[in-house]
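Participant: Here is my input; please provide its structure:
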Amino acid sequence: MIAPISQITLSPSLSTFTQTQQAAQARLVGDIGGTNARFAIVDERDRLSHVRVLHCADFAGPEEALRSYVELEAIALPAVAAFGIANPVTGDEVAMTNHRWRFSVEHLRQRMGLDRLLLVNDFTALALSLPQLAQDERHAVGGGTPVAGQAIGLIGPGTGLGVSGLLPAADGYLPLQGEGGHVTLAARDAREVRIIEWMWRHHDHVSAERVLSGPGLVMLHDAVRDLAAAPPRKLGSADITGQALAGTCPYCAEALDLFCALLGTVAGDLALTLGASGGVYLGGGILPRLGPLFAQSRFRSRFEDKGRFSSYLARIPTFVIDAPYAALRGAAAALKCPVRVGYDTTKQAQ
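Facilitator: Residues are numbered from 1 along each chain as shown. Modelled structure (predicted):
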């Protein structure tokens, strides 16, 4: 009688071979933002382990952060790695927009002893994770139903403003690799015109990211106070959000209200540009902290507020992503992407 597989004990040599094979299939993944760097190991079944979040400001560069990660987790690095990074990825040299890190992808690969290192924009990585999200890893804001096999939009405020999406192709989806967060911000009403005019005093170009980000929320609060002739009060984005949610500061409340409304405008523009009948997903670190307030905000009404195309947008659903490590799964997916994404460097055969 043959024993069930669950009762078979592998011989030491076979067990060692299996463990070695699994280790060879493991990949190192990362999600590097302007504030935090997240690292993890992905196994042969695309499961995450050894997830750790490090503060970018604590390290001189990604090499130092990676060495700290390896030491803290007490692991050996896999031979293959993929990182999403909050920055354009156009070649070997990387100079982060919202952080001081400057590095060469190839030099980092060599220093860490990797056979392959793929670097992609962080929102390209996050976009690649969207088809993998479970129902409980997202929640809808407003109505609409996603249409299978259609374009999907992605936008998210954090330290900066990430924008990407997925376009349908014969064998799945192709991810967008752009910098849509730096489009020019448009006003919808006279109040927003005054806000943007105030920001022109400080910046020649008022992009969406200038306002729809953590630093942007601080600028919004400063603008609201100044336009009301209120005395200046220096608050961080977390303090502004907290006081707005608590209802203890009318200027914080208006700043957050404007933030959500303007995000709705930009997200609606993205949906129109892509024809995103598959839905628009909202990532980044800010929105999950808002809880029910975001669903009650002007975001959705402004998303649909596009004149003759309001009914078109009303059919497109919007979802807040509730999976904190989705971008890590997306980085792993980038390694198997059928088209070239980001900057890929490999060890040359001797």
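Participant: residues touching L335, list them.
Facilitator: R27, V80, A82, R116, L118 (C-beta atoms under 8 Å, 6 or more residues apart in numbering). C-beta here means a position set from N, CA and C on the backbone, and glycine is covered the same way.
Participant: and the gap between the third one and Y173?
Facilitator: In this case it means A82. 17 Å (C-beta to C-beta, to the nearest Å).
Participant: Which strands and helices lie in contact with the helix or strand harbouring L166?
Facilitator: Element membership for L166 (DSSP states H and E) is strand 161-169. Counting contacts by 3 or more C-beta pairs under 8 Å, 6 or more residues apart in numbering; DSSP states H and E, strand 161-169 packs against helix 122-129, strand 152-157, strand 172-175, helix 250-274.
Participant: Would you list the strands that it pairs with, along with their directions?
Facilitator: strand 152-157 (antiparallel), strand 172-175 (antiparallel) (DSSP bridges).
Participant: got the angle between it and helix 250-274?
Facilitator: For strand 161-169 against helix 250-274, the angle by axes from the mean of the first three to the mean of the last three C-alpha atoms, to 10 degrees is 20 degrees.
Participant: now the angle from strand 161-169 to helix 122-129?
Facilitator: Using the same axes, to 10 degrees: strand 161-169 against helix 122-129 is 40 degrees.
Participant: neighbours around R52, how many?
Facilitator: When neighbours are defined as other C-beta atoms under 10 Å, R52 has 13 of them.
Participant: Oops, could you answer that again for G30 instead?
Facilitator: Residues near G30, counting by other C-beta under 10 Å: 24.
Participant: Tell me which helix or strand the residue nearest to L117 when sequence neighbours are not counted sits in.
Facilitator: In this structure, L117 finds its nearest non-sequential neighbour in R109, 3.9 Å apart by C-beta to C-beta, 6 or more residues apart in numbering. Per DSSP H and E: R109 is located in helix 105-112.
Participant: which parts of that helix are buried?
Facilitator: Of all the residues in helix 105-112, those buried under the rule 16 or more other C-beta atoms under 10 Å are V105, L108, R109, M112.
Participant: repeat for stretch 248-256
Facilitator: Buried-residue list, stretch 248-256, by 16+ other C-beta under 10 Å: C249, Y251, C252, A253, E254, A255, L256.
Participant: Can you pull out the low-pLDDT segments for the stretch 201-350 of the chain?
Facilitator: 349-350 (pLDDT under 70).
Participant: Against A295, how distant is the residue most central in space within the chain?
Facilitator: By C-alpha atoms, centre = their mean, the chain has its centre lying nearest to F123, at 4.5 Å. Remark: distance between F123 and A295 (C-beta to C-beta) = 23 Å.
Participant: same check, this time on F83
Facilitator: 33 Å.
Participant: Those two: which is more packed in?
Facilitator: Legend: neighbour count by other C-beta under 10 Å for F83 and A295, higher for F83 (28 against 15).
Participant: Show me the helices in the stretch 201-350 of the chain, by range?
Facilitator: 208-211, 214-227, 237-246, 250-274, 292-296, 299-304, 310-314, 326-334 (DSSP state H, counting those that start in this stretch).
Participant: looking at those, which is buried most?
Facilitator: Most buried of those, by mean neighbour count (mean count of other C-beta atoms under 10 Å): helix 326-334, with a mean of 27.
Participant: So the chain: which segments form each domain?
Facilitator: 5-120+327-346, 134-322 (automatic domain parsing).
Participant: between these, which one is nearest to L128?
Facilitator: domain 5-120+327-346 (4.0 Å; C-beta to C-beta).
Participant: For R191, which three-state class applies?
Facilitator: In three-state terms, and counting by DSSP: H, G, I helix; E, B strand; the rest coil, R191 is helix.
Participant: residue contacts, it?
Facilitator: Counting by C-beta under 8 Å, 6+ apart, R191 touches L258.
Participant: Quick check: it vs L262, distance?
Facilitator: 11 Å.
Participant: Go ahead and confirm G172 touches P338.
Facilitator: Yes - counting by C-beta atoms under 8 Å, G172 does reach P338; the two are 7.3 Å apart.
Participant: Tell me how far G113 lies from A79.
Facilitator: Counting by C-beta to C-beta - G113 and A79 are separated by 8 Å.
Participant: Would you mind telling me which of the two has the busier surroundings?
Facilitator: Neighbour totals were compared for G113 and A79, and A79 leads with 17 against 10 (other C-beta under 10 Å).
Participant: Next, the more buried one: phi, psi?
Facilitator: phi -80, psi -20 (degrees, to the nearest 10).
Participant: Could you tell me how many residues sit around the closest residue to it other than its chain neighbours?
Facilitator: Leaving out its chain neighbours, the residue that sits closest to A79 by C-beta to C-beta, 6+ apart is D115, at 4.1 Å. D115: 12 surrounding residues under other C-beta under 10 Å.
Participant: where's L185 relative to L174, distance?
Facilitator: On the measure of C-beta to C-beta, L185 and L174 end up 27 Å apart.
Participant: which one of those two has more residues nearby?
Facilitator: Each of L185 and L174 has its neighbours counted (other C-beta under 10 Å); L185 has more, 22 against 19.
Participant: Would you confirm that the more buried one contacts I196?
Facilitator: Yes - using C-beta under 8 Å, L185 is in contact with I196, at 6.4 Å.
Participant: contact partners of stretch 89-102?
Facilitator: Against stretch 89-102 from outside (C-beta under 8 Å, 6+ apart): 32-35, 56-57, 61-62, 85-88, 103-106, 119-121, 159-160, 177, 342-343, 345.
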